[in-house]
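**Student:** Take a look and give me a structure for this.
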Amino acid sequence: MSNVPPNVRAPTPDEIREKAAKHHMTLSDEEVADFSAVIAETMAGYERLDELPEPTPERAYSDRDPGYRPTSAEDPLNAFVRRCEVQGADAGPLSGYEVGLKDNVALAGVEMTCGSKLFEGYVPETDATIVTRLLDAGATITGKTNMEDMAFSGSGELSATGPVHNPYDPEYIAGGSSSGSVAAVVDGDVDVAIGGDQGGSIRIPAAWSGGVGHKPTHSLVPYTGIAGLGRSFDHVGPMATSVADCARVLDVIAGADGLDPRQGAVPTEPYLDALDESPEVTVGVLEEGFEHDASEAAVDSTVRDALDAFAEAGAEVTTVSVPMHLDGMPIWNGIATEATAATVDADGIGHYGNGRYDTQFMDAFGRARRAAADDYLTTLKLTLVLGQYLADEYRGHYYAKAQNLSRELADRYDEVLSEVDVLAMPTTPQTAHEHRTDLDRVAVIERALCMLANTAPFDVTGHPALSVPAGTADGLPVGLMLVGERFDDATVLRAGHAFEQHHDWEAF
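**Tutor:** Numbering: from 1, shown residues only. Now for the predicted structure:
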């Protein structure tokens, strides 16, 4: 055993039996003895891996202040986990822009908590790819924005540091999981922000808080250096108070980085230049996007009224139908539940993709979940239990079937999108929830996931989707969601910009 490297030890005979049993094998004593000898020799080769320096992305703009936790007086909406200042290039398309980063985006030298107790004190050593791109474009990063605990809620009330209040009405919550990003933008604390989206987490808070949020086509923006839930549905994108600023940020952050296993060939366009105020847009109003069980009638009517006004301004608005849209939630659940459980079991990064692995985060995640898994968010606990059960009991059958069905669902959307420029529907079926402290566990889970019916399907199909303010219902903001063909984000943004220019909603 003397050849075993100091950071790695060979398994004991009992551990060999234990690992074999996990793969449904029963080993004889002779097999255990033989395997023990071979494994010891094999593991000696890992000493060389410990000796080799690990390639890591170059860290530019190295003057980093760790920042500070703002007081409630400074941050009344609880939008920030940390305030900081990291200045980028002297000039560029984002020169003069202050940017907030959702707190699952790695900013070297500044704490990253993922909204969770598990990662308090974790400080990444490298920047996410999009951070480098933002800084190269002249941006100044001024804060890590609050988020739902490990991103597994859409409500905005389940961060480890407390709820993020709605900038439109602080008695309500902002929506999640990119809750702090939208609150900081709409309240004017930053010019633009970065959000993440696995089930609607850019678009939900945009809709509930009166902001603009764009979920790009899956893989258009590299996810390298960002904590995710599942490679097939992880998205990252811009949040702002205008479509133009979302397009400006997308111009900077889109494109392959050669490090993200989610990406293949990634076509990009000049998104800001593609914007046009002309209302000559063909909009397909998706029948199945309205009148869900969880829908508020006032939300549906606000969106329909806004689209009627857009038609009067010159847009061609027609009704379309994709019956399979109503199956989007069970398809999303089938994918997201088992994928999230697998990602957590793989220490937050996953395995077997070609790309950069953040070994620092994997080590921290692995230690944290083994020591403090009881501190997981209720919704994540439920997902891990159910996901593991489905994987073990049904051998991944339902995950695999849901993935296959997601391609069929994507085809159904594409068939309609071949006839119209964009699909339109309410972003969420209801307005923001009132902040409450008297909820039991089941109510918390229901409030965390009840608003995903229109947003989640497009995370598993990968279509670009934009939420823009459509008006108010009962005094709270309502979002209109526009969806386009994959990698045609320019058309989605163009349609959203035209709607924005011809729609005067009641802003505050």
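
**Student:** All the helices of the stretch 401-508 of the chain, residue numbers only.
**Tutor:** Using DSSP state H, counting those that start in this stretch, the helices found in the stretch 401-508 of the chain span residues 441-449, 457-461, 489-501.

**Student:** any idea which of these is most buried?
**Tutor:** helix 457-461 (a mean of 28; mean count of other Cβ atoms under 10 Å). All C-beta spots, glycine's among them, are computed from the backbone N, C-alpha and C.

**Student:** can you tell me how far residue 188 sits from residue 459?
**Tutor:** Look at residue 188 and residue 459: by Cβ to Cβ, to the nearest Å, they are 29 Å apart.

**Student:** Who are the contact partners of the residue nearest to residue 406 when sequence neighbours are not counted?
**Tutor:** Distances taken as Cβ to Cβ, 6 or more residues apart in numbering place residue 460 nearest to residue 406, at 4.3 Å, with adjacent residues excluded. Residues in contact with residue 460 (Cβ atoms under 8 Å, 6 or more residues apart in numbering) are 232-233, 328, 331-332, 335-336, 402, 406, 409.

**Student:** out of those, which are buried?
**Tutor:** 232-233, 328, 331-332, 335-336, 402, 406, 409 (16 or more other Cβ atoms under 10 Å).

**Student:** Let me know the next secondary structure element after the helix or strand bottoming out on mean pLDDT in the chain.
**Tutor:** When the helices and strands of the chain are compared on mean pLDDT, DSSP states H and E, helix 46-51 comes out lowest with a mean of 79. Downstream of helix 46-51, the first helix or strand assigned by DSSP states H and E is strand 80-87.

**Student:** How is the protein partitioned into domains?
**Tutor:** According to automatic domain parsing, the chain comprises the domains 13-51, 80-333+397-501.

**Student:** Which one, of those domains, ends up nearest to residue 375?
**Tutor:** Among the domains of the chain, domain 80-333+397-501 comes nearest to residue 375, with 4.9 Å by Cβ to Cβ.

**Student:** what stretches of the stretch 51-200 of the chain score poorly on pLDDT?
**Tutor:** For the stretch 51-200 of the chain, no stretch has pLDDT under 70.

**Student:** In it, mark out all the strands, start to finish.
**Tutor:** Here the stretch 51-200 of the chain has its strands, by DSSP state E, counting those that start in this stretch, at 80-87, 98-102, 140-145, 192-197.

**Student:** next one: the stretch 351-500 of the chain
**Tutor:** 422-426, 465-473, 476-483.

**Student:** With mean pLDDT, distance to residue 152 and mean neighbour count added, can I get the ones you listed in TSV?
**Tutor:** Output for the strands of the stretch 351-500 of the chain, formatted as TSV (pLDDT from 0 to 100; distance: least, Cβ to Cβ, whole Å; neighbours: other Cβ atoms under 10 Å):
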stretch	mean pLDDT	distance to residue 152	mean neighbour count
strand 422-426	98	23	27
strand 465-473	98	20	26
strand 476-483	98	21	28
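
**Student:** Quick one: closest of these to residue 115.
**Tutor:** Of all the strands of the stretch 351-500 of the chain, strand 465-473 sits nearest to residue 115, with 20.9 Å by Cβ to Cβ.

**Student:** before we move on, the earlier item: list just the nearest of the buried ones among the contacts of residue 460 to residue 65.
**Tutor:** residue 233 (34.3 Å).

**Student:** quick one on the thing from earlier: looking at the contacts of residue 460, which are in helices?
**Tutor:** Judged by DSSP state H, helices contain the following of the contacts of residue 460: 328, 331-332, 335-336, 402, 406, 409.

**Student:** Reformat the strands of the stretch 51-200 of the chain into TSV and put distance to residue 23 and mean neighbour count next to each item.
**Tutor:** Formatted as TSV, these follow (distance: least, Cβ to Cβ, whole Å; neighbours: other Cβ atoms under 10 Å):
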stretch	distance to residue 23	mean neighbour count
strand 80-87	41	21
strand 98-102	38	27
strand 140-145	41	26
strand 192-197	34	29
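
**Student:** looking at those, which is closest to residue 322?
**Tutor:** strand 192-197 (20.4 Å).

**Student:** With residue 410 as the reference, measure out to residue 204.
**Tutor:** Counting by Cβ to Cβ, the gap from residue 204 to residue 410 is 21 Å.

**Student:** So for the two, which sits in the more crowded spot?
**Tutor:** residue 204 (34 against 18; other Cβ atoms under 10 Å).

**Student:** what about the more buried one, distance to residue 151?
**Tutor:** Counting by Cβ to Cβ, the gap from residue 204 to residue 151 is 12 Å.
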